[in-house]
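Engineer: sequence and predicted structure are below.
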Amino acid sequence: MRDILIIANLKMNMVHRRDVVSYCDRVRAAMATAPDLKKGVRLVICPSAPHFDVVQRLAHVEPRIALGAQDVFWERRGSYTGQLSPVTLADSGVRYALVGHSEQRTYGHVSDEEIGKKVAALILAEITPVIFVGETEYERAAGRIKDALTSHMRAIMQHVRAEDIARCVFVYEPVWAIGATTLPTPEELMSARILLQKIIADTYGATVAHMVQFLYGGSVTPQNAAMFTPDLGIEGVVLGRAGTQAPSFVQVAATIAHQHRT
Ligand code: PGA
């Protein structure tokens, strides 16, 4: 069985190096007292790029921790002011990179096609792409979840080769659940995961679609983490707010790891 993934997206919340250092210290201390984290789970921390080295130091001493990036550019080098090359990420020890987070879509105006190109670039650099898709509140209210997910996925998948799709991680993250208090029900979660898997199967075949790892993101907390039972087919979560608090991050990881072991 592969590791479940618990990803802390720190966004732009820790602006000082000293805050990231103290966060990493507290994550390490919390992990030392959490027996459920011994195996079967990986904790990915995605800081701002100038703080990669802080997380990388923790990853060196704590094998369950991996370094993640919050974004990447699709070209490997050249005149692209302000962009981050996948080669630079790999060189800095990055193992996972988030692409297509709704805040990137909103503030960075990144399109599904560009997300697809980022995925291809990450695979070439041997970094695991963590791809976000999810419907808006408006699409949900209009009963258009299926259409929204299908159109995101089709556009992204155009850039991903059949032999690479199983190396991608997909996050179902409804936009209305980010920074909110409500999550989809377990039934809604399972049906979104089945739909995403079917969209992948329609393009690449069922065998490969069953190899893809699916996560959930949006308003996950230590209080609701127990709902992520293995039968949902969701093998991990992405945390925004809860991920910035070391004890909550580790507690969510321990709760979900425990669910997947029992
Ligand atoms: P949240 O954010 O956990 O604070 O809802 C999730 C995300 O933005 O990925």
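Structural biologist: Perfect, I can see it now. Numbers count the residues shown, from 1 in each chain.
Engineer: look up the closest residue to whichever residue of the stretch 51-200 of the chain sits closest to the ligand, ignoring the ones flanking it.
Structural biologist: Closest residue of the stretch 51-200 of the chain to the ligand, Cβ to the nearest ligand atom: residue 178 (4.4 Å). Using the backbone N, CA and C atoms, a C-beta is placed for each residue, glycine as well. Of all residues not flanking residue 178 in the chain, residue 218 sits nearest, at 5.0 Å (Cβ to Cβ, 6 or more residues apart in numbering).
Engineer: my read: that neighbour touches residue 134, true?
Structural biologist: Yes: using Cβ atoms under 8 Å, residue 218 makes contact with residue 134 at a distance of 7.3 Å.
Engineer: need the pLDDT of the closest residue to the ligand within the stretch 1-150 of the chain.
Structural biologist: Using Cβ to the nearest ligand atom, the closest approach of the stretch 1-150 of the chain to the ligand is made by residue 9 at 5.1 Å. What the model reports for residue 9 is a pLDDT of 98.
Engineer: my guess is it contacts residue 240, does it?
Structural biologist: Yes: with contact defined as Cβ under 8 Å, residue 9 reaches residue 240; the gap is 5.7 Å.
Engineer: which of the two has more residues huddled nearby?
Structural biologist: Neighbours were counted for residue 9 and for residue 240 using other Cβ atoms under 10 Å; residue 9 has more, 24 against 21.
Engineer: who in the protein is up against the ligand?
Structural biologist: Within the chain, the positions lying close to the ligand (Cβ under 6 Å from any ligand atom) are 9, 173, 178-179, 217-220, 238-242.
Engineer: tell me which of the residues you listed fall in helices.
Structural biologist: Assigned to helices by DSSP state H, none of the residues of the chain next to the ligand qualify.
Engineer: of those residues, buried ones?
Structural biologist: When the residues of the chain next to the ligand are checked for burial by 16 or more other Cβ atoms under 10 Å, the buried set is 9, 173, 178, 217-220, 238-240, 242.
Engineer: from those, which ones fall inside strands?
Structural biologist: Among those, DSSP state E puts 9, 217, 238-239 in strands.
Engineer: dump the residues you listed into JSON lines; add distance to residue 59 as well.
Structural biologist: Converted to JSON lines, those look like this (distance: Cβ to Cβ, whole Å):
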{"residue": "9", "distance to residue 59": "16"}
{"residue": "217", "distance to residue 59": "21"}
{"residue": "238", "distance to residue 59": "18"}
{"residue": "239", "distance to residue 59": "18"}
